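1. sharing a model that was predicted from the sequence below.
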Amino acid sequence: MNKLTIIGSGNIGFSLAKGLVSTGYYRPEEIVLTRRSIAALEEERSLGFGTSSNNKEAIQGAEIIVLSVLPQQIKKVMEEISGSLSKGQLVVSVASGVSCQDVKAILGEDCTVVRAMPNTAIAIGQSMTCIATDNAPADAIAKVERIFESVGSVVVINEDLMTSATALCACGIAFFLRAIRAASQGGVEIGFHAHDALKMAVQTAKGAADLLLQTNNHPESEIDKVTSPKGCTIAGLNEMEHNGFSSAFIKGIKLSALKAGGLYNE
């Protein structure tokens, strides 16, 4: 009997499965992965995972069911499996903008539902995942925490903040990547070859993030260490701010949060 079924084994689903196996939390044969095309699961099968193109069959005997599909697809998937759920199965949804109540409206009010929002750094075990629920018991939340801790860091939040988490963490990874790309382009303009500029920008960004993670300092306290009076750093920072750097970042996050909240109904 398998312990975990992941419906929709694309990048997020497959990365989660690999993370769970690499940390020893599950064995491959305890996980079933599904996709509409079974031929797309050859790699997964070769690694020992169970595979299926039949979601109804795949959830039989599963302790936990992860719905790892797009918000626009999840309703159809839930309608497909609604009559096949067993009592006590825990449903985890990673679909943006789909509330626990949305899930229960189709799968049943007695269904135990926890939402999770990872990001694409899950592929290297560095996801920032937020989880939330309406009224799932503490042991169910703890199970989901342990699952996603196998692929990065986890924060438990209130459900009404999940669309905000989508914007800051899931969409946010693209925002930080774009900032790194911009830095590398600036490097090229001041004389570096593209590959060197990108390497420098990436490592500088990683160093900045690690500084905060390892010291727990506020970003501004670290910025103060770099900005000397009449110096080149403060001149560059002020030029960016005059052109709306922080404002643009904040506005982008706010708009992404607004968009994320409506994806289920599109």
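-> Thanks, I have it.
2. my read: K254 touches A167, true?
-> Yes: taking C-beta atoms under 8 Å as the definition, K254 is a contact partner of A167 at 7.4 Å. Heads up, the C-betas are built off the backbone N, CA and C, glycines and all.
3. out of these two, which sits in the more crowded spot?
-> A167 (22 against 12; other C-beta atoms under 10 Å).
4. show the contacting residues for that one.
-> In this structure, A167 makes contact with I253, K254, S256, A257, A260, judged by C-beta atoms under 8 Å, 6 or more residues apart in numbering.
5. identify the residue nearest the first one in space, chain neighbours excluded?
-> The shortest distance from I253 to any residue other than its chain neighbours is 4.9 Å, reached at A167 (C-beta to C-beta, 6 or more residues apart in numbering).
6. how many neighbouring residues does A40 have?
-> Residues near A40, counting by other C-beta under 10 Å: 14.
7. so it: helix, strand or coil?
-> Judged by DSSP: H, G, I helix; E, B strand; the rest coil, the three-state class of A40 is helix.
8. distance of it relative to N11?
-> Going from A40 to N11 by C-beta to C-beta, to the nearest Å gives 12 Å.
9. and H195, by the same measure?
-> H195 is 26 Å from N11, by C-beta to C-beta.
10. dump the residue contacts of V32.
-> By C-beta under 8 Å, 6+ apart, the neighbours of V32 are N2, L4, T5, I6, F49, G50, T51, S52, A58, A62.
11. let me fix that, I meant to ask about S84.
-> K56, I59, Q60.
12. so which of those wins on neighbours?
-> Neighbour counts for the contacts of S84 peak at I59, which has 23 neighbours (criterion: other C-beta under 10 Å).
13. what's the pLDDT at it?
-> I59 is assigned 95 on the pLDDT scale.
14. and the next helix or strand past the helix or strand containing G207?
-> Element membership of G207, judged by DSSP states H and E, is helix 194-215. Sequence order places helix 219-226 as the next helix or strand after helix 194-215, per DSSP H and E.
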